[in-house]
Structures are given as C-alpha cells and as structure tokens.
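Engineer: From the sequence below, what's the structure:
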Amino acid sequence: MKIVALAGNPNSGKTTLFNALTGSRQHTGNWPGVTVEKKEGPLKGYDQIMIQDLPGIYSLSPYTLEEVVSRQFLVQEKPDMVLNIVDGTNIERSLYLTTQLMELGIPVVLAVNMADMVRASGNTLDLKKLSAKLGCPVISISALKKEGLTELTETLKQTLSAPSPLPVFTPAVRKALEQIESVLGDKVPASARFWYAVKVFEKDERVLEELNLNDVQKKAVQTVTDRLEKEMDDDSESIITTQRYEFIEKTLSDCFHKKAKASDMTLSDKIDLIVTNRWLALPIFILIMWGIYTIAMGGTVVSIGTMGTDWVNDVLFGEWIPQGVETLLTSMGVSDVLASLIQDGIIAGVGAVLGFVPQILVLFFLLSVLEDCGYMSRVAFIMDRLFRRFGLSGKSFIPLLVATGCGVPGIMASRTIEQDRDRKMTIMTTGFIPCGAKMPIIGLFAGAVFGQSAFVAVSAFVIGIAAVVVSGIMLKKFKAFAGEPAPFVMELPAYHWPTLSNLLRSTWERGWSFIKRAGTLILASSIVLWFLQSFGFVDGGLHMVEDNNLSLLAAIGRSIAWIFYPLGWAGDMAWKATVATFTGLIAKEEVVNTFGVLYAGLGEVSEDGTEIWTAIAADFSVLVAWSFMIFNLLFAPCFAAMGAIKREMNNAKWTLAAIGYMCVIAYCSAMMVYQIGGLITGEVPFSIFTVIALVLLSVLLYLLFRRGYSGRDEVPVKTIALEAGK
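Structural biologist: Numbering: from 1, shown residues only. The predicted structure is shown next:
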C-alpha cells in the first residue's frame, strides 16, 4: 500500500481536504504514547493509497508535540509521498514548510488551497512557473468546494521521483552544509542527509541527541558553524530562517501577482476590527457562548439540547425502554435479581450516559460551526493574554466554559490545545468548574442550610475558578508543566461559511467517542454500584435488601467515613455523606437522590431536595455544609467524565494523576475551610487536624510563590513576530 502523508499549516484547510479525499472511511485514534489525534483513511475509490493526516504544523522545528509527531513520522516512517497543502491566500508563509519538506528526499505534491478566494481577491498564481521553480507538481484546489480534486487524485496515483533540495541557500551557506553532510557520512540516510545537515547546523537538540556525534564530529561541526556565524554576523538558526523567506519571496515574485493594494482590507479584516477589538472582543464572545450554551444546555429560552435530553431521560429511558424491558422480562419469567441488574444496573447506567448525548451533540455541532467558520481561532487569540498570566493557554478557556454545562464535553474540548503539557493541565483542572449536574447539590444546601441564598450558587463558580487559577500557578512550577504556555503562533483563517458535511462529520466523531468510551466505563461502574446498593449481609448471608441502610454500600460508607472526620463529617451523618459522595461518582445529581433515600426513605426527591431540607439542616452546620459542598465540587468527577479523561490522556498514569490531583485538592481545601474556619468561629477546637490544616495552608502559599522549575532541558519558546503577508 502507498502511504501519502498530508502535511500543512493549521487552518490551511487540511482537515477539509482529508475528508474530501477519504470520505467516510476514516480511522481515528491517537498516535502511540501521546494524546495527539491520529487520522488515516484510504483514498476514495482507490484503496491502494492510504492518506495519513499529520497534525497541523508550521515547520519541522519541533516547538510543539504536534511538530514532534509530524517530524518523526516524515523522517523515520518515510511515507511514499507528501501531499503538502498550502493556503493560497497566504502562500508566502505557507511555503516555509514546503522548503523543509523538499529536503527530506520524499516525493512532494503541492496543493494550493482556497483557489476560489484567490480568484475573488484578484490575485493570480502561475502554477506552471511555480511547479518549475519548486520541482514538484503544483495543483490549484478548493477543498471546501471540491475544485481540482480529480486532478489531485490522479497525481497522487502517479509514481513520482524525490525532488532535489531547493536552491534556498547562498553559496557560502550551501558550502557549510555540504561540509556538515560529509561529517555525518553514513550516520543518516543519503536521501535525507541534506535535511539532517541543516538541522545539525541549526543546533536542533533532538537531532543532535538522535545522531549522538563523537567528539571529533562535534568539533568539526562546531568549527563550520562558528565560522559561518561570525562571517554572517548572525546565529545559525536565524541564518536558515532568513534565507528560506528570501528564497520564497524571490520565487513568488515571478509567478504570484497581487492585484489588491496593501492598504485594501478584506471582509475578514473588517470583521476582526470588531470581534478582536480589545474592548468589544470579550463581551461579543460571552454573548455568542451564552447563545450556544442556552441552545445546547438550557437557559431562559427554549433549549434544543435540553428538549432532547429530557425526552431521552423521561420518555426513552424513563418509560419506553424500562416498560418494554419489564414486559419482556416478566414474560420470560426472569428472576428478581437478574431483572434488577438489567433495569437498575444496565439500563439505568446506560441511560445516565445517553441522557447527555442530545445536549452534547448540539453543543459539538455549534462549536464545530465556530471552528469551521474561523471564529474559534480568534477566541484563542482573545483569551491568550489573560490566561497566560496563570500559566494556561488561551485555548484553555473554551474547555472551562463548556464544562459549566457538562464536564464531559469540556474535557473533550481540550483536544484543541496543541501543547501537550497545556492540554494535560487543562484536563486536570476542567473538572473544578461546577457543571449542571452539581447544581442540585448547591441547591440542596442553599435551601436547607443557607436560607436559599443566591450567594451560595455564585460562590460555587468562584471556588471553581479559583481552583483553576491556583492550580495553573502551582502546576506550572513543576517540571512536567514547566515553561511558558506554547507560543501563540496561529494563522487566522479568512471567515467562510461552514459546510454541512464537515459539521456533521465533526459532530459525529466527537459524539461517538463520548458514547463509546465514557459509556462503557459508566456502564461497568453502574453495575458494580448496583450490586453494592442492592445487596447486604442480613440473616447470616448475602441477600438483596430493600433498605439501603443495610446494603454493602452503607457498610463500606461506615467503614471509611473516618477518613472524612477532619472535614467535619462526624456522627451518624458521616457515613451518609460518604455514601452520597461515592454515589455521586455515577452522576453528581445522585448525591441529592442518595440523601433522599438515606434521610427520608424517599425513592425520588425533587432536584433541590426540598423534602429533606429539615433533616439536612439538623445534621449539617454552616461550616460542615461548606466543607461538604467544596469537597464535592472539587472532588473526582462522574464516571462519564473520568472516561473522557482517560480518552484524552491516553495514558493510565496521567489519568490516575489527574483524578488523584482533584481528590487531593478537594480534600485539602475542605479540610482547611472546616478546621481554620472553625477555629476562627469557635466551632472547632484546636487539635492536631488544625495544625495539619495550617501546614497545608503554608504549603499552598509556598507552592504559589516559590520559584518554578527552569531546567536546561526545557525546549526554548520563541515569540515570532511576522509581518502581514510574510
């Protein structure tokens, strides 16, 4: 099979082209060992060619995990051909990557995308001249409108010879690179020797580590590099970068002609004057996201997502399926135990997940609209300056915002963050944001203990945001997250109408990933919790129990309730609070229902649990109520969200680390609030736990203000300022 690697800049139309070339026969997963998404699929109508979609990159200098993945695949896997897509509306900058790809010794086909927009601007590109200068086929396409795809497909079927490295460099630089080539000798493949020479000259750390040159070779390379840097009065990497852009400018001067004046503003430029304005940008974004959140998750107007979710919960899994299954099981004479397993374990477990699907699909569809039209790139730009102060990327804002509706799509939205460490940190903190499922907990205690104060609901969001900010500051000082957030280098694409096929495909891919991954996890966990809730040791044996107080879950709750004593959970309420917390792992709203069963013997309670307010108020003081709420707001998320974490982390250790971090933060925060707050109010006597709480506070302050890690192995972050059109 022939492997064609699809490479190009982010927002160049690469995903649209990949979808057009492969159709629906795509395979999606993650690259081995990393969380970067991997897509591949056979060329439509020609199964002998496999298109491998590489992550969007700007160059083969690895400043991000995506660039590392793409470079490793191109250099080590050696695909049969590289399909390089470039943005025709910004061809000067796009060709920078092309000059690097031509040095790999792999046949290259250049696809100049957005041909329709190039024509509309009045610019002209002579494809024959450009092809002659680059030494590879150049084809004009519009991936969005499917122009030129037939010619492109036919070209991909051909057997092409590998191009020679482009005459990018001056004779002096070329001579130095040839000398380095001779030093490398047989250490690298002959076809890619020139590319390795360039990287060695640039002092690329990963290439130098891979080659492991001996002292003689290092000295020879250093002599060549020092001589040329002194001669040209510049560092080696800047020499290469400057000469690449000079070559591109000279090449395009003969075959690319701009009709529009430099002062002319495009429609996208005029829109950006408003939506990226320093004063208007944030209010406009909040208004747009409020509209999306309202449509998907509910609000003051009709919510399509909520209507779908209500139907799935109340009708499909509330009436039709349970009633149908009950009729079937009764007719088959199934035992009560098996019937309970199917109804209360399997169907209830699946329903708990699938109930979210309508909201998630609507949310993903609307977010796909923003991504496809080009607006989401602007959002990251708008938020980057603010979030960078806390060690997070601007792109972290989207997952946190989405998580106010549901943590699952919020966690899944983190995949838009390119930098691996920033993505991991966002996943670890997204669960702190109060989601819709946590609102019943807040409503219960606001009504039962705090006199229905609106301040309690507001404080929940303040606590969540504070946990995110504090975590961002602390985690950035550890080696695993050290360094500035990824440099914000992003091509802002021209605004355009999204295509329905792309929107539906993107929505389905994300939705199916949620159903498949999170659904299986919550199903298994729900069955386990059904068993623990339904069975108990009575009359000398293990039997099904009607009273949850006699269940295994209650026994487990009593046996581990002592863990939460420093949080103020004491007496008879301790095990009830413990059981409610752990049933909340199925779905956070289950906390209220569990209290309904344990306090009043109710099968169901209203969303805010008004039926048990008096009983709750008798067991929970104001301070204990704060402790319980804070712990459950920051504690590990529901099983569906844990499944999403596992899917996005793609690593068992990181998954456990993320969940463990949330648990530690929740416990320490609740303990400090109860012990220190109680010491101030006089409700809690001074004890060893007070000392521990004060120590924890000291550790927190130390982690916030200490100097962060700055190891020598940290990849340098460069801020690249590029002129418009360069």
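
Engineer: Strands of the stretch 201-350 of the chain, start to end?
Structural biologist: With DSSP state E, counting those that start in this stretch, the ranges of strands along the stretch 201-350 of the chain come out as 256-257.

Engineer: Helices of that one, residue ranges please.
Structural biologist: 205-211, 215-232, 236-255, 267-275, 281-297, 304-310, 321-332, 336-340, 348-354 (DSSP state H, counting those that start in this stretch).

Engineer: can you redo these as JSON lines with mean pLDDT and distance to residue 533?
Structural biologist: For glycine as for every other residue, the C-beta is placed from the backbone atoms N, C-alpha and C. Written out in JSON lines, the entries for the helices of the stretch 201-350 of the chain read as follows (pLDDT from 0 to 100; distance: least, Cβ to Cβ, whole Å):
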{"stretch": "helix 205-211", "mean pLDDT": "90", "distance to residue 533": "53"}
{"stretch": "helix 215-232", "mean pLDDT": "94", "distance to residue 533": "66"}
{"stretch": "helix 236-255", "mean pLDDT": "93", "distance to residue 533": "62"}
{"stretch": "helix 267-275", "mean pLDDT": "88", "distance to residue 533": "51"}
{"stretch": "helix 281-297", "mean pLDDT": "78", "distance to residue 533": "29"}
{"stretch": "helix 304-310", "mean pLDDT": "77", "distance to residue 533": "24"}
{"stretch": "helix 321-332", "mean pLDDT": "90", "distance to residue 533": "17"}
{"stretch": "helix 336-340", "mean pLDDT": "85", "distance to residue 533": "10"}
{"stretch": "helix 348-354", "mean pLDDT": "62", "distance to residue 533": "11"}
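
Engineer: and of those, who's closest to residue 9?
Structural biologist: helix 236-255 (13.6 Å; Cβ to Cβ).

Engineer: ok, back up a step: now the helices of the stretch 201-350 of the chain in JSON lines, with mean neighbour count and distance to residue 52?
Structural biologist: Putting the helices of the stretch 201-350 of the chain into JSON lines (neighbours: other Cβ atoms under 10 Å; distance: least, Cβ to Cβ, whole Å) gives the following:
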{"stretch": "helix 205-211", "mean neighbour count": "15", "distance to residue 52": "21"}
{"stretch": "helix 215-232", "mean neighbour count": "15", "distance to residue 52": "33"}
{"stretch": "helix 236-255", "mean neighbour count": "17", "distance to residue 52": "25"}
{"stretch": "helix 267-275", "mean neighbour count": "14", "distance to residue 52": "31"}
{"stretch": "helix 281-297", "mean neighbour count": "17", "distance to residue 52": "33"}
{"stretch": "helix 304-310", "mean neighbour count": "20", "distance to residue 52": "35"}
{"stretch": "helix 321-332", "mean neighbour count": "12", "distance to residue 52": "41"}
{"stretch": "helix 336-340", "mean neighbour count": "14", "distance to residue 52": "47"}
{"stretch": "helix 348-354", "mean neighbour count": "21", "distance to residue 52": "32"}
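
Engineer: among these, which is nearest residue 148?
Structural biologist: Between the helices of the stretch 201-350 of the chain, helix 236-255 lies closest to residue 148; by Cβ to Cβ that is 17.4 Å.

Engineer: List the contacts of the closest one.
Structural biologist: In this structure, residues lying in contact with helix 236-255 by Cβ atoms under 8 Å, 6 or more residues apart in numbering are 61, 91-92, 95-96, 99-100, 125-127, 129-130, 133-134, 166-170, 173, 198, 201-203, 225, 228-229, 232, 234, 726.

Engineer: among those, which ones are buried?
Structural biologist: Neighbour counting by 16 or more other Cβ atoms under 10 Å classes 61, 91-92, 95-96, 99-100, 125, 130, 133-134, 166, 168-169, 173, 198, 201-202, 225, 228-229, 232 among the contacts of helix 236-255 as buried.

Engineer: follow-up on the earlier one: reformat the helices of the stretch 201-350 of the chain as CSV; add distance to residue 42.
Structural biologist: Below are the helices of the stretch 201-350 of the chain laid out as CSV (distance: least, Cβ to Cβ, whole Å):
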stretch, distance to residue 42
helix 205-211, 32
helix 215-232, 43
helix 236-255, 33
helix 267-275, 35
helix 281-297, 34
helix 304-310, 34
helix 321-332, 38
helix 336-340, 45
helix 348-354, 32
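
Engineer: Run through the residues that contact residue 100.
Structural biologist: 59, 60, 195, 244.

Engineer: hmm, 6 Å instead?
Structural biologist: Contact partners of residue 100, counting by Cβ atoms under 6 Å, 6 or more residues apart in numbering, are residue 60.

Engineer: Residue 78 is in contact with residue 3, correct?
Structural biologist: No: between residue 3 and residue 78 there is no contact under Cβ atoms under 6 Å: 8.7 Å.

Engineer: what about residue 680, neighbour count?
Structural biologist: 10 (other Cβ atoms under 10 Å).

Engineer: for the helix or strand where it lies, the distance to its chain's centre please.
Structural biologist: Assigned by DSSP states H and E, residue 680 belongs to helix 652-681. Distance of helix 652-681 from its chain centroid, counting by Cα atoms, centre = their mean, to the nearest Å, is 24 Å.

Engineer: Sweet, I'm off.
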